[in-house]
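Q: what's the 3D shape of this:
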Amino acid sequence: MAKMRTVDAAVAILEKEGATEVFGLPGAAINPFYSAMRAHGGIRHTLARHVEGASHMADGYSRAADGNIGICIGTSGPAGTDMITGLYAAWADSIPMLCITGQAPVAKLHKEDFQAVDIESIAKPVTKMAMTILEPGQVPGAFQKAFQLMRSGRPGPVLLDLPIDVQMAEIEFDIETYEPLPIEKPKASRKQLEKALDMLTSAKHPLIVAGGGIINAGASAQLVELAEILNVPVIPTLMGWGAIPDDHQLMAGMVGLQTSHRYGNETFLQSDFVIGIGNRWANRHTGGLDTYTAGRKFVHIDIEPTQIGRVFSPDLGIASDAGAALAGLIELARERQAAKSLPDYSGWVAECQERKGSLHRKTNFDNVPIKPQRVYQEMNKAFGRDTTYVSTIGLSQIAGAQMLHVFGARKWINAGQAGPLGWTAPAALGVVRGTPDATVVALSGDYDFQFMIEELAVGAQFNLPYIHVVVNNSYLGLIRQSQRGFNMEQNVSLAFENINSPETNGYGVDHIKVAEGLGCKAIRVENPNDMPAAFDKAKALMGEFKVPVVVEVILEKITNISMGVEINGVNEFEELAETAADAPTAILAKA
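A: Numbering: from 1, shown residues only. Take a look at the predicted model:
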């Protein structure tokens, strides 16, 4: 066998495991690893401006395509702690991601050495494994285990911490004899799936709730196939949005307190049976459990056994990979279809379609300053079926999920549970790395955009083009809206008179100048009728210069977006669309 440094062995393992996309920042304690990447030559590195940004880039890369695992690397101490928010976002949404940190020498770990911190202990709550590798000979096995854990069961992130002397130590290692460990995923039995299908076909108004686990499993086509065989409507969760195209006749809308459709909530309330596949019954999807569960039976299929019963006890729980469960259900459903023993749900489907065609929120407003609903209407017109949207949190994300359209798996990429402000821009850069031929459109409010705005320079430096729509109301809009219940509006305004940019008219930060200063292109829109031309220009600029292009839309400062605390009590602040002209980009035209 060959004698080599542990870092050279680790880099060779990255290549063999198919993880060759790295985002990070070099520094003294991780420089040996950088030297190994340089010597290897097959690992592409994208230099971030902030280590948290690098972690979100790696996260976005992992979410962009089936099988991707993004890698984030940085030096010791603050680089590791900067990664924690990124690890949390990936862990919360079941995303595989590998973080690698440099560390002080083993002998100095207890001596409060410069930038030495117990990152293993800090990272453990938000990873599947966090390990400071103290013995050089453990490095290959630790990386091997890391990749197995990231891919097995419920996917998730791992952090490996490498003391600098461990990185530089030599070991015997032969990459030719290295093999990835087998991936472990539970699989539903035929008996379990027969029971689930019996319960579904005994119902009058069944629904399939499609979670992000279906997308993680690469099983969106199987979901659509099962739904079509059974002729049963599908409710995607926010993380499962796109598993069935929005314009499919069995896509019945999203359910929830915020990122939901009026027709989706109404359809759910009419159901009597729900089979959830690869979902986790998030509280912003369910609202109050008494309302959510009343009058209906539940089957829950999830890859993580301890997820079943975590939020409420289903009538039947099955631990299974979503893809394996769907394959088994399809086989059983086809057998019953051939035997002509499946119920006819055409009447139920027609009811759902009628709601989908009549319960539209109005989007066609001509107000100046611009109402946010009009922005999403124009985005629907400007961007095609193959567009990949990236967003995280805020009124922009909530309204976007209510009004934008998604037509395929991994076309809506969202930090769902953690919702960290600042995630959107670096994650979008990671998505571009992962799908370089895709049209990527990010969506942020002004505060999310400002959080990690420096990462735009990464897109300029490495030619990572995408369009970033920034809806600017110079407010923390979601917090302002939530403060209504406290009869206050405290510390939520971002507005000020910018003495260097009076053209912002009191909206504060000049995002155009900042974006251009970071090497990008930018456009400001103040009239709704100018949006089509602005989006066309953004596409042209993106194609010409291969850099991020910011389209800032100046909104009315105060807008309340539909939301509530119960799925049967969502507060609607705008009127329903009364005619097709009120919501011209609705999926199903109003009669």
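Q: helix or strand for residue 99, just tell me which one.
A: strand 97-103 (DSSP states H and E).
Q: name the residues that touch the helix or strand following that strand?
A: Using DSSP H and E, the helix or strand that follows strand 97-103 in sequence is helix 119-123. By C-beta atoms under 8 Å, 6 or more residues apart in numbering, the residues outside helix 119-123 that reach it are 76-77, 80-81, 83-84, 87, 99, 101, 103, 130-132, 159, 161. C-beta: built from backbone N, CA, C; applies to glycine.
Q: partners of the strand holding residue 99 in the sheet?
A: strand 70-74 (parallel), strand 158-163 (parallel) (DSSP bridges).
Q: what's the top helix by length along the chain packed up against?
A: The residue-count maximum for a helix in the chain (DSSP state H) belongs to helix 322-338. Where contact means 3 or more C-beta pairs under 8 Å, 6 or more residues apart in numbering; DSSP states H and E, helix 322-338 is packed against helix 190-201, helix 212-216, helix 220-230, strand 273-277, strand 297-302.
Q: tell me which of the ones you listed lies nearest to residue 49.
A: Of all the helices and strands packed on helix 322-338, it is helix 212-216 that lies closest to residue 49, at 29.0 Å by C-beta to C-beta.
Q: return the helix or strand in the protein with minimum mean pLDDT.
A: Using mean pLDDT, DSSP states H and E, helix 477-482 stands out as the lowest-scoring helix or strand of the chain, at a mean of 74.
Q: starting at the chain centroid, how far to that one?
A: When distances are taken as C-alpha atoms, centre = their mean, to the nearest Å, helix 477-482 is centred 22 Å away from the chain's centroid.
Q: contacts made by it with the rest, please.
A: Applying C-beta under 8 Å, 6+ apart, the external contacts of helix 477-482 come out as 393-396, 398, 445, 489, 492, 558-561, 563.
Q: please redo it, this time with the cut-off set to 10 Å
A: 258, 372, 393-399, 419, 445-447, 471, 473, 475-476, 488-494, 555, 557-561, 563, 571, 573 (C-beta atoms under 10 Å, 6 or more residues apart in numbering).
Q: please pick the buried ones from these.
A: 258, 372, 393-399, 419, 445-447, 471, 473, 475-476, 492, 494, 555, 557, 559, 561, 563 (16 or more other C-beta atoms under 10 Å).
Q: so how far is stretch 455-468 from its chain's centroid?
A: Worked out by C-alpha atoms, centre = their mean, stretch 455-468 lies 19 Å from the chain centre.
Q: show the average pLDDT along the strand holding residue 99.
A: In this model, strand 97-103 carries a mean pLDDT of 97.
Q: also stretch 250-268?
A: 95.
Q: quick one: end-to-end distance for that stretch.
A: Taking C-alpha to C-alpha, to the nearest Å, the first and last residues of stretch 250-268 lie 13 Å apart.
Q: quick one: residue 403 and residue 375 touch, right?
A: Yes - assessed by C-beta atoms under 10 Å, residue 403 is found in contact with residue 375 at 8.7 Å.
Q: identify the contacts common to these two.
A: residue 363.
Q: among the contacts of helix 477-482, which lie within strands?
A: Per DSSP state E, strands hold the following members of these: 445, 471.
Q: show me the residue at the heart of the chain, geometrically.
A: Most central in the chain under C-alpha atoms, centre = their mean is residue 414, positioned 2.7 Å from the mean C-alpha point.
Q: tell me who's in contact with that one.
A: 63, 93, 212, 238-239, 241, 259, 389-393, 397, 400-401, 423-424, 427, 443 are the contacts of residue 414 under C-beta under 10 Å, 6+ apart.
Q: can you give me phi and psi for the residue nearest to residue 96 when sequence neighbours are not counted?
A: Distance criterion C-beta to C-beta, 6 or more residues apart in numbering; nearest residue to residue 96, sequence neighbours excluded, is residue 150 at 3.7 Å. Note on residue 150: its backbone torsions stand at phi -60, psi -30 [degrees, to the nearest 10].
Q: show the contacting residues for residue 150.
A: Residue 150 sits in contact with 17, 19, 62, 69, 90, 95-98, 127-129, 156-158, 183, where contact means C-beta under 10 Å, 6+ apart.
Q: can we see that at 8 Å?
A: 69, 96, 97, 98, 128, 156, 157, 158.
Q: is it true that the third one touches residue 59?
A: Meaning residue 97. Yes - applying C-beta atoms under 8 Å as the test, residue 97 and residue 59 come out as touching, 5.5 Å apart.
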